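sequence below, structure please.
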Amino acid sequence: MRTIYFLRGLPASGKSFWIKENNLSPYTISSDEIRLMYASPVIDNDGNYSISQKYDKKVWNLIFNLLEEKMGRGEFIIVDATHYRDSSLREYKKLINYYRYRPFVVDFTNIELNTILNRNQQRESYKIVPEQVIYKMHKVLEQNNNEIYPKLSPKAAIEQLNKSLIFDFNHYEKVIIFGDIHGCFTPLNHYFQENPFSENNAYIFLGDYVDRGIEHHQTFELLLSIYHLKNVLVLEGNHERWLRFYAEDDEQSFARIKSKTFLEKTAPELKNLDKKDLRQFCRALAQMAYFSFAGKEYFASHGGVGCLPHLFINTQQYINGVGGYEDTEQLYNAWEKNTADNCVLIHGHRNTENLPAQVRSRCYNLCSEIEYGDSLRVLEISRKGEEIKEYRNPIYDKNLPKKLRVIKNNRVLSDNELLNQLNLSPLIIKKSFDNGIISYNFSRDAFYKKEWNNLTCRARGLFIFEDRVICRSYNKFFNWYERKETSDEELEKNLCFPVRAYRKENGFLAMVSVFNNELLVCSKSTISGTFVGYINNFLERLSEDTRKAIFNYCQKNNVSFVFECVDIANDPHIVQYQKPHLYLLDIVQNDFEFKKIPYEELIKIAEECNLEYKKLEKEFNSWKELNSYKNKLEESLNLQKREWSEGLVLEDKNGFMLKYKNPNYRLWKQLRSVLERLQTDKQVTVNNFSQQAQEVIKLMQNLKVENKLNGLKITDIQNIYWNS
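Numbers count the residues shown, from 1 in each chain. Coordinates of the predicted model:
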């Protein structure tokens, strides 16, 4: 919940003890603890240890950064600091207003000064504050102890945390709850034509008022006419974040809109509405409704949680729901386990299994694909019981893509179904990160057992936040001869010419996009670790103008820059380079379907950003021309040759891709395996190697006899061989 407690009181007034006693440490940002992260206790002139105040500017910068992170998710927060000046509390107002938080001051200022001085002397030595400092703070506090935010005693603050936030709706005749609307006015209007609006009823809307539908203007004319009434409650859905940025009516907020659908479809339909009215609508959005009616309790939110509400549940979980997007079965099980028999759950947002509106005796799912011509789901609750009404939407964009992906039982999967399959597949590795990002990649079993299908090929380096792609690289593609579809016979039959051949560099893949208004750097299936550090080193060596250009293009177009990193110091491979390189390979749309910009546009962007980019080696207009070129490359094997590439990436007119590995590269890769075996005292069979390769192996064997082999890389062996 969007609630924040600011503790206020002198050192030793009991703030930290109150936090510990009530098990509130997981929700607390402590200024002293962060000071200790910056610097260990220091010794003063009298030989006493104390907490250093030297880095206070950095400490408070970090505190405010942490607050933004937590407030962005709508978490319950406690700030543990003295706050003895009114001005220190006022500094939070901008964040409170922007993130729509309810602030409270938990007041520890009524503790007697002598008590504080005595407690201070009993603290751990490094926590003891000089008495003259406490006297000074006490004097300032007496002059500043104004009510900046509502005050709570420590006891009242705990009572508020444990209080059930339930409202009594029994004075209404009915409670009427609407599922996701998505800019579809016609079915909503149909309901009110049949059931005229009445002050005797309570109306709750579950969120997702925008995107995908084509009647946004009419939808908001209706909503703006009723949302402020005392018997109407509008909840927040995940799509409303774009509406909020749009309504702020400034360039910085508008730049935060990452939804192409909102920018291209929704915003034009809203343009004739007053943005001030939309801002006021957004400020009225609540996150949940918990009420009693006709002998039952009802809990409604956009995404659904599996327990009754309290302040410790963060706002994003009310909006997006607990668990994964597809985890509705677990949600209903948790609700039935955690709540009494008279408690009913109502939610929208997610319905990957196309469930009916009433999925359990105490669980309702009001999400349907209304924007694709399905129905608006409405739950009417009267003293006679609960009734579902559905209103078909006849007005929708017939060309709206459902983003259909993977074939299953002669049926294509939507994005949500694809995510469900990714989460369930034993061949897919899923990683979750603290910032809510989830990555997918094929498993080792999939790789070694060659379990390649539409799912495992698409999962490669896919990064998701909530239900959208925020960064990605290529789908898995294969070497010439590696699979049936890349055999000569199949290629001759299926390649669509012209076919372009790009030089394949010998490094590792890096992906860069924008997330939370910052560059997001990814390697393979992670956003952290050694290789991400290497990529960041490359980015830091780029000019500020280049980094800014990458950021702006990614943010504006919702794409990922895919690079090949050649790091000769930290990650040398088989091909030798004279200096490190960062090659721009492609710019890929952040979408479940793999799409990238044309090469000609890539060149233009790379040159504007001052980036190296992949080289087009050759273009082929027929199979005969391509196959002849490949055969010549096969005959070019020569281990004495010092300049060669890893090979080629081939791409036909329809976007089909495959790799061709240079024969020199393939052989040196085999020799690297021989080197590793010799270094670990394993047996090596040389009979199947060519004469040149046997010369290299003999060289390595001699170095081993001379105890000079350990620690050498294959690039070292190349240099010794070439210079021998």
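
contacts for stretch 194-205, please.
The contact list for stretch 194-205, computed with C-beta atoms under 8 Å, 6 or more residues apart in numbering, reads 169, 172-178, 181, 223, 226, 229, 231-235, 289, 291, 300. The way it works is simple: take the backbone N, C-alpha and C, and place the C-beta from them, glycine included.

pull out the buried members of these.
169, 172, 174-178, 181, 223, 231-235, 289, 291, 300 (16 or more other C-beta atoms under 10 Å).

so which of the contacts of stretch 194-205 are in strands?
K174, V175, I176, I177, F178, V232, L233, V234, A289, F291, A300 (DSSP state E).

ok, the residues you listed vs L95, which is closest?
V234 (23.4 Å; C-beta to C-beta).

wait, what's in contact with that closest one?
Per C-beta under 8 Å, 6+ apart, neighbours of V234: F205, G207, Y209, L223, Y227, F281, A284, L285, A286.

counting neighbours, what do you get for D571?
14 (other C-beta atoms under 10 Å).

again, but for E194
Using other C-beta under 10 Å, E194 is surrounded by 9 other residues.

try L95
16.

repeat that for N195.
For N195, the count of nearby residues is 14 (other C-beta under 10 Å).

cool, and P580?
17.

compute the distance between it and G507, please.
For P580, the distance to G507 equals 9 Å [C-beta to C-beta, to the nearest Å].

find residues that contact each of these two.
The contact lists of P580 and G507 share C565, V566, D567, where a contact means C-beta under 8 Å, 6+ apart.

out of these, the closest to I43 would be?
Nearest member of the shared contacts of P580 and G507 to I43, counting by C-beta to C-beta, is D567, at 43.6 Å.

OK, contacts around A446?
Contacts of A446 (C-beta under 8 Å, 6+ apart): L427, I428, W452, T456.

brain fart, S125
By C-beta under 8 Å, 6+ apart, the neighbours of S125 are N48, Y49.

compile the shared contacts of P580 and G507 into JSON lines and extend it with columns for pLDDT, distance to L308 and neighbour count.
Formatted as JSON lines, these follow (pLDDT from 0 to 100; distance: C-beta to C-beta, whole Å; neighbours: other C-beta atoms under 10 Å):
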{"residue": "C565", "pLDDT": "97", "distance to L308": "50", "neighbour count": "21"}
{"residue": "V566", "pLDDT": "96", "distance to L308": "56", "neighbour count": "21"}
{"residue": "D567", "pLDDT": "95", "distance to L308": "52", "neighbour count": "20"}
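
tell me which of those residues fall in strands.
Among the shared contacts of P580 and G507, DSSP E puts C565, V566 in strands.

can you redo the shared contacts of P580 and G507 as JSON lines with distance to I395?
Below are these laid out as JSON lines (distance: C-beta to C-beta, whole Å):
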{"residue": "C565", "distance to I395": "50"}
{"residue": "V566", "distance to I395": "54"}
{"residue": "D567", "distance to I395": "55"}
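
name the nearest of the shared contacts of P580 and G507 relative to V344.
C565 (53.7 Å).

isn't that closest one up against N506?
No. With contact defined as C-beta atoms under 8 Å, C565 does not reach N506; the gap is 10.5 Å.

re the thing from before, go through the ones in strands among the contacts of stretch 194-205 and say which is closest to A693.
Distances from A693 to those, taken by C-beta to C-beta, are shortest for A300, at 70.5 Å.

contact partners for that closest one?
I177, I204, L206, L235, M288, A289, Y290, L345, I346, H347.

so which of the contacts of A446 belong to strands?
Filtering these for strands - DSSP E - leaves I428.

next, give me the two most distant ones among the contacts of A446.
Checking these with C-beta to C-beta, the most distant pair is I428 and W452, at 12.4 Å.

compare neighbour counts for the two and give me the winner.
Set side by side, I428 and W452 show more neighbours around I428, with 19 against 16, by other C-beta under 10 Å.

contacts only, for that one.
Contacts of I428 by C-beta under 8 Å, 6+ apart are L422, Y440, N441, F442, S443, A446, L455, T456, A459.

can I get those residues in a markdown table including distance to N48?
A markdown table is the format used below for those (distance: C-beta to C-beta, whole Å):
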| residue | distance to N48 |
| --- | --- |
| L422 | 58 |
| Y440 | 54 |
| N441 | 54 |
| F442 | 59 |
| S443 | 57 |
| A446 | 61 |
| L455 | 63 |
| T456 | 62 |
| A459 | 58 |
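
can you put the residues you listed in a markdown table and add distance to G385 and secondary structure?
A markdown table is the format used below for the contacts of I428 (distance: C-beta to C-beta, whole Å; DSSP: H, G, I helix; E, B strand; the rest coil):
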| residue | distance to G385 | secondary structure |
| --- | --- | --- |
| L422 | 39 | helix |
| Y440 | 43 | strand |
| N441 | 49 | strand |
| F442 | 49 | strand |
| S443 | 49 | coil |
| A446 | 50 | helix |
| L455 | 43 | helix |
| T456 | 48 | helix |
| A459 | 45 | coil |
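
looks to me like K704 is in a helix.
Yes. Going by DSSP: H, G, I helix; E, B strand; the rest coil, the assignment for K704 places it inside a helix.

OK, contacts around it?
With C-beta under 8 Å, 6+ apart, K704 has these contacts: L678, Q679.
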